[in-house]
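Student: just coords:
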């Protein structure tokens, strides 16, 4: 068992992994000392058994980021497995880095969602996130349709989704995809449609509908909204990975 306070140590480790920072560590008398690198930038974190975090090293963007992480953890903003609030500011750039060909409409709505979140406008955050999600799912479904190799099957599928609401389109897509003969063999990507993509899509869709067709003001939990913002980068990445699979090998149904 390490010297560092376990919950704080885990929050620091999770942050480093989300940010894809290289790090090494060693145990000292009252703390775990972590050397963090990002390219040529180097900084140090000492995570004490009391939960205190000390950031060291030369001033750099990396050190400033780690200081913001320290302050967020100290303020009690480190929920298990969730991004820290200040991390969301980088999400549009992260999406562009991981998915260089990402549709600019998706990125723009994510940017608006972040603006709303920073203003504590949770209804606006959820609505914008729902719009970004719908755009991404529409692109996924239409990419799938265009990749169906048999012209007759392609026409039948296109007819079933034409003019339909996004929820119906997604249902038809799921039914067709279940019979797809050349689904991804990669273990993670092969399970994405239901495990990752379907779950986040349905949350974003239902929440957006509650806001867009209001009967009462939805009771939105800020932590849940932050969690979905935090998951959105991977969500978009997985959608585009599936799209590339369809485009590369075609779709046989």
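Tutor: Great, that's in hand. Quick caveat: nothing in here was measured; it's all calculated off a predicted structure. Numbering: from 1, shown residues only.
Student: rest of the way, CA atoms for contacts and neighbours
Tutor: Will do.
Student: surely residue 131 is in contact with residue 109?
Tutor: Yes: if you go by C-alpha atoms under 8 Å, residue 131 and residue 109 touch, sitting 6.8 Å apart.
Student: higher neighbour count, those two?
Tutor: Each of residue 131 and residue 109 has its neighbours counted (other C-alpha atoms under 10 Å); residue 109 has more, 21 against 18.
Student: in the stretch 1-150 of the chain, where is pLDDT below threshold?
Tutor: Residues of the stretch 1-150 of the chain that meet the criterion pLDDT under 70 lie in 1-2, 81.
Student: go on, the stretch 151-253 of the chain?
Tutor: In the stretch 151-253 of the chain (pLDDT under 70), the answer is 188, 192.
Student: switch to 90 and redo it
Tutor: Residue ranges of the stretch 151-253 of the chain with pLDDT under 90: 178, 182-199, 209-210, 212-231, 233-234.
Student: now do the helices in it.
Tutor: Listed in chain order, the helices of the stretch 151-253 of the chain (DSSP state H, counting those that start in this stretch) span 151-161, 166-178, 187-190, 192, 199-212, 222-249.
Student: reformat those as TSV; add distance to residue 13 and mean neighbour count.
Tutor: As requested, those are exported to TSV (distance: least, C-alpha to C-alpha, whole Å; neighbours: other C-alpha atoms under 10 Å):
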stretch	distance to residue 13	mean neighbour count
helix 151-161	44	15
helix 166-178	36	16
helix 187-190	23	12
helix 192	25	18
helix 199-212	25	17
helix 222-249	16	18
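Student: now do the domain split for the protein, please.
Tutor: 6-81, 88-249 (automatic domain parsing).
Student: got the contact list for stretch 63-79?
Tutor: 8, 11-12, 15, 42-43, 52-57, 84-86 (C-alpha atoms under 8 Å, 6 or more residues apart in numbering).
Student: again, only this time at 6 Å
Tutor: Contacts with stretch 63-79, where a contact means C-alpha atoms under 6 Å, 6 or more residues apart in numbering, come from 43, 84.
Student: buried residues, that stretch. List them.
Tutor: 63, 66-67, 69-70, 73, 77-78 (16 or more other C-alpha atoms under 10 Å).
Student: what's the closest of those to residue 117?
Tutor: When the buried residues of stretch 63-79 are compared for distance to residue 117 (C-alpha to C-alpha), residue 77 wins out at 14.5 Å.
Student: excluding sequence neighbours, find me the nearest residue to the most far-flung residue of the chain relative to its centre.
Tutor: Here the centre of the chain is the reference, and by C-alpha atoms, centre = their mean the most remote residue is residue 29, at 37.4 Å. Excluding its sequence neighbours, the residue lying closest to residue 29 (C-alpha to C-alpha, 6 or more residues apart in numbering) is residue 3, at 7.5 Å.
Student: got it, and residue 222?
Tutor: Spatial nearest neighbour of residue 222, excluding adjacent residues (C-alpha to C-alpha, 6+ apart): residue 122 at 7.0 Å.
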